[in-house]
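Peer 1: Give me a model of this one.
(one chain, ligands or ions: 2)
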Amino acid sequence: MSLSKDEYIKEIFSLKKEQDVIILAHNYQLPEIQDVADFIGDSLALSRKAEKTSAKTIIFCGVHFMAETASIICPDKNVLIPDLTAGCSLASSINPTELTYWKKDHPDAIVVSYVNTSAEIKALSDYCCTSSNAVKVVNSISPNNDILFLPDMFLGSYVAEVTKRKNMFIWPGECHVHAGIRAEDINKMMKQYRNAEFLVHPECSCTSSTMYHMAKGDLINEGHILSTEGMMQQAKNSSKSDFIVATETGILYRMQKENPTKNFIPIRKDAVCQYMKKITIDKVYNSLLNNVYQVKVPQSISRKARSAIDRMLSIG
Ligand code: 13P
Ligand code: SF4
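Peer 2: Numbering: from 1, shown residues only. Ligands and ions are numbered 1, 2, ... in the order given. Here you go, the predicted model:
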C-alpha cells in the first residue's frame, strides 16, 4: 500500500493505539519520524528509555548498533528496526579481530568503547561510553591503567585532552559525516556570525581546533562541545538567540520546534547521515504493521556486552 506522508502518520498513530509499542527516535531522524516518536534523544537517553519502558515492543528509529544496544539492555523485549541496513560508518571502523589483536598488544589495558560499536565489540570491552559521559567514564578509571579508547579518534582526542590523560591509546576511526566538519568551517562561521553560540559534537574533526579557539579566547562568544542531547539542553537554556550547530543536520528540526524564537544555523548543510535517513515513514508503518525487523543479540554476546553497558550506566 502506498500512502501520502500524512496518511502514513495517521495510520501509525492509530496502529500505535492498538499495540503495546513505543517508538524511540534519535535526534538525527527525519522530521516526520520525530513527529510520530514517543521519545526523541541521544544514544544514552534512548538506552535509558528502552530500559525503563513497560512496552513489549520497541520500534527503534535510529541505526543498527542503537537497536542492538536496546536488545542487550532489554533481552525480553521485541526490538524492531524499520530498516536493517541502517548502519554506521564509525561502528564499522573496527571489527572483533582487529580489537582482539589490539588487546593482545596491550594486555593490561582497560577497553573503553563508544556506544557507536557493534554488540561483538561491546562484548570485548570493559566499559561502554557515549558522547555525553565519555569524560566521566575515563575519569572513573585509575590513572595507572592504560586505556584503549575506540573507535572515534576525534572524541578520543577530546577526552584525552579534557582528562589530561597521557596513557590513552586511540583507535583511528571516524564518522564520515562529522569528519567532514572541519576547522575551516568553524573559522568561516566564527567570522560570519560574531554573536552566535557554537554547539559542536565531539565526533567532529574541528573539535580540537574549537577547543584551541576556546582556550585562546578567540571564540568571541561561547562555544560548547556536547552530545546531541547536551546541545538540545544548551539551546533551551542559553540566553543567546543565534546558534551554529556542528553536527548532523537532523537535530535542527527538533531544536527549531522546541525553541521557535531562536535561530539555528547548520555549520554545513551537507552534514547528513544517509544511514539515519534510511528510516522513512513508510518503513516505520511497515514495522508496526508486520512486526519487522527484529534485532536480537545472541545471549553469549549479549551477556558480556551488558557488563560493559552496565558499568557505564552505573557511572552516569
Ligand atoms: P549522540 O549520542 O550524541 O546522540 O551521538 C550519536 C551519533 O551517532 C553521533 O553521530
Ligand atoms: Fe554513525 Fe556518523 Fe551516522 Fe552518527 S552520524 S550514526 S556516527 S555514520
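Peer 1: Can you get me a residue count around Ile110?
Peer 2: 18 (other C-beta atoms under 10 Å). Where you see a C-beta, it was placed from the backbone N, CA and C, and this is true even at glycine.
Peer 1: if you average pLDDT over stretch 68-81, what comes out?
Peer 2: For stretch 68-81, mean pLDDT is 95.
Peer 1: Could you pull out the strands in this structure for me?
Peer 2: With strands called from DSSP state E, the chain shows them at 21-26, 39-41, 57-61, 78-80, 110-114, 127-129, 147-150, 168-170, 197-200, 223-225, 242-246, 263-266.
Peer 1: right, and these - which one's nearest ligand 1?
Peer 2: Judged by C-beta to the nearest ligand atom, the one of these that comes nearest to ligand 1 is strand 21-26, at 6.2 Å.
Peer 1: is ligand 2 contacted by the closest one?
Peer 2: No: Strand 21-26 stays clear of ligand 2 (C-beta under 6 Å from any ligand atom), getting no nearer than 7.7 Å.
Peer 1: buried residues in stretch 139-151?
Peer 2: 140-141, 147-151 (16 or more other C-beta atoms under 10 Å).
Peer 1: no, scratch that, I was asking about stretch 232-252
Peer 2: For stretch 232-252, the buried set under the neighbour-count rule, 16+ other C-beta under 10 Å, comprises 232, 234-235, 238, 243-252.
Peer 1: cool, and stretch 65-82?
Peer 2: Going by neighbour count (16+ other C-beta under 10 Å), the buried part of stretch 65-82 is 65-74, 77-82.
Peer 1: now swap in stretch 179-194 and tell me
Peer 2: 179-183, 185-186, 189-190, 193.
Peer 1: Among those residues, show me the least confident.
Peer 2: Ranking those by pLDDT puts Met190 at the bottom, with 85.
Peer 1: how near is that one to Glu68?
Peer 2: 38 Å (C-beta to C-beta, to the nearest Å).
Peer 1: before we move on, back to that, name the nearest of the buried residues of stretch 139-151 relative to Ser314.
Peer 2: For the buried residues of stretch 139-151, the residue nearest Ser314 by C-beta to C-beta is Ser140; the value is 9.2 Å.
Peer 1: For the closest one, grab phi and psi.
Peer 2: For Ser140, the backbone dihedrals (degrees, to the nearest 10) come out as phi -80, psi -10.
Peer 1: I'd say it and Ser314 touch.
Peer 2: No: under the criterion of C-beta atoms under 8 Å, Ser140 makes no contact with Ser314, lying 9.2 Å away.
Peer 1: Quick check: residues of the stretch 151-300 of the chain near ligand 1?
Peer 2: 175, 203, 227-228.
Peer 1: out of these, what pair is the most spread apart?
Peer 2: Distances among these were taken as C-beta to C-beta; the most separated pair is Cys175 and Ser227, at 13.4 Å.
Peer 1: Mind jotting down where the helices sit in the stretch 201-316 of the chain?
Peer 2: Along the stretch 201-316 of the chain, counting by DSSP state H, counting those that start in this stretch, helices occupy 207-216, 228-237, 251-258, 281-290, 299-315.
Peer 1: Among those helices, single out whichever gets nearest to Ala91.
Peer 2: Closest to Ala91 of the helices of the stretch 201-316 of the chain is helix 299-315 (C-beta to C-beta; 13.1 Å).
Peer 1: Okay, angle between the closest one and strand 110-114 too, please.
Peer 2: 90 degrees (axes from the mean of the first three to the mean of the last three C-alpha atoms, to 10 degrees).
Peer 1: name the helices or strands packed onto helix 299-315?
Peer 2: helix 43-52, helix 64-73, helix 119-123, strand 127-129, helix 134-139 (3 or more C-beta pairs under 8 Å, 6 or more residues apart in numbering; DSSP states H and E).
Peer 1: Work out the sheet partners of the fourth one and label each with its direction, please.
Peer 2: Think strand 127-129. Using DSSP bridges, the strands paired with strand 127-129 are strand 110-114 (parallel).
Peer 1: May I have the partner strand exported as PDB, CA atoms only?
Peer 2: C-alpha atoms of strand 110-114 as PDB (Å, rounded to 0.1, in the frame of the first residue of the first chain):
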ATOM      1  CA  ILE A 110      41.100  -1.200  30.000                       C
ATOM      2  CA  VAL A 111      39.000  -1.100  26.900                       C
ATOM      3  CA  VAL A 112      36.500   1.800  26.600                       C
ATOM      4  CA  SER A 113      34.200   1.600  23.600                       C
ATOM      5  CA  TYR A 114      32.000   4.400  22.400                       C
END
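Peer 1: tell me the contacts of His201?
Peer 2: 131, 178, 181, 207, 225-228, 231, 246-248 (C-beta atoms under 8 Å, 6 or more residues apart in numbering).
Peer 1: For Gly41, state which of the residues you listed is nearest.
Peer 2: Nearest member of these to Gly41, counting by C-beta to C-beta, is Thr228, at 7.9 Å.
Peer 1: All good on my end, thank you.
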